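1. got a sequence here, can you build the structure:
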Amino acid sequence: MSEQSKSIKHIAIAGNIGAGKTTLTTQLAKHYGWEVNYEDADTNPYLSDFYKDMRRWSFNLQIYFLNSRYGQIINIRDGEDVVIQDRTIYEDAYIFAPNLHDMGLMSTKDFNNYFSLFKLMTSQVSPPDLLIYLKASIPTLVSHIHTRGRDYEGNMSLDYLKKLNERYENWISNYNEGKLLIIETENLDFKNKSEDLGSIIQKVDAELYGLF
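-> A predicted model of the protein is given here:
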């Protein structure tokens with residue numbers, strides 16, 4: 001094993017709601033034998049309330065996610081295992097929080113407080129060794145969201161998803177924290193087709209280990 005591969009500890013998967021992050025995270029972890037840090041969606045005490053009243057709960061939700069993901073990064077840094085992370089701390093700060101602020105669902109003073117805390121936290125840690133971005137269209141996202149059937153996501157507007165997707169595209173086009181792998185998901189079914197998953201694994205190998 002090369003020195004480069006020995007130093008790899010943190011892989012992260014980014015993408016909009018319904019892009020397939022958790023599915024691919026689980027599959028890659030199984031293939032490579034990596035540990036997994038999932039997004040705290042099922043036990044998050046604010047998520048359901050947030051979708052019912054975004055203005056009231058937006059700041060609470062974003063602080064919860066910021067704290068949770070920062071804790072994950074610290075544990076990855078201090079641990080010995082290679083970890084794959086389902087969603088990144090950057091997505092909270094560059095996509096979800098500013099989107100809520102622009103929609104009038106988070107006050108300016110709350111957003112400034114939040115973003116100041118984000119900048120302080122990220123100044124203390126390193127970015128992922130590889131960021132994998134799942135690029136998906138709005139119809140694909142909607143289809144995936146409906147398929148998994150989470151009650152609280154039923155209140156989500158199409159406009160909200162579109163605004164998030166625009167921010168994702170802008171963020172990724174300017175991402176320069178480290179290695180980036182963009183996966184176009186429109187014609188892929190990595191959940192059910194082994195050949196589609198295999199094509200992604202080949203691309204990950206090339207980025208991490210220089211294998212083609």
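
2. next, count neighbours for the residue nearest to residue 108 when sequence neighbours are not counted.
-> Taking CB to CB, 6 or more residues apart in numbering, and ignoring the residues beside it in sequence, residue 108 has residue 101 as its nearest neighbour in space, at 6.9 Å. For the C-beta atoms, the positions are set from N, CA and C on the backbone; glycine is no exception. For residue 101, the number of neighbouring residues by other CB atoms under 10 Å comes to 20.

3. who's in contact with the host helix or strand of residue 101?
-> Assigned by DSSP states H and E, residue 101 belongs to helix 97-102. Where contact means CB atoms under 8 Å, 6 or more residues apart in numbering, the residues beyond helix 97-102 that reach it are 54, 58, 62, 106-108, 110-111, 114-115, 118, 160, 163-164, 167.

4. contact partners of stretch 165-174?
-> Stretch 165-174 is contacted from outside by 14-16, 90-91, 94-95, 98-99, 133, 135-136, 138, 141, 180, 182, using CB under 8 Å, 6+ apart.

5. isn't residue 62 up against residue 114?
-> Yes: with contact taken as CB atoms under 8 Å, residue 62 and residue 114 are classed as touching, separated by 5.7 Å.

6. pick out whichever of those two has more residues nearby.
-> residue 62 (25 against 22).

7. tell me the contacts of that one?
-> 92, 96-97, 100, 106, 114.

8. tell me the phi and psi of it?
-> The phi and psi torsions at residue 62 (degrees, to the nearest 10) take the values phi -70, psi -40.

9. for the spatially most central residue of the chain, give me the pLDDT.
-> In the chain, the C-alpha nearest the mean C-alpha coordinate belongs to residue 87, at 2.0 Å (CA atoms, centre = their mean). With respect to pLDDT, residue 87 has a value of 91.

10. which secondary structure element contains the nearest residue to it once chain neighbours are set aside?
-> Residue nearest to residue 87 in three dimensions, not counting chain neighbours: residue 39, with 4.7 Å by CB to CB, 6+ apart. For residue 39, there is no enclosing helix or strand under DSSP H and E.

11. test my guess that residue 39 contacts residue 21.
-> Yes: Residue 39 sits in contact with residue 21 when judged by CB under 8 Å, with a separation of 7.5 Å.

12. mind listing the shared neighbours of the two?
-> 86-87.

13. how many neighbours does the residue nearest to residue 87 have?
-> Burial of residue 39, expressed as a neighbour count using other CB under 10 Å, amounts to 19.

14. what's it sitting at in phi/psi?
-> The phi/psi pair for residue 39 (degrees, to the nearest 10) reads phi -70, psi 140.

15. which element follows the helix or strand bottoming out on mean pLDDT in the chain toward the C-terminus?
-> The element with the least model confidence among the helices and strands of the chain, by mean pLDDT, DSSP states H and E, is helix 3-6, at a mean of 46. Tracing the chain C-terminally past helix 3-6 and defining elements by DSSP H and E, one meets strand 10-15 next.
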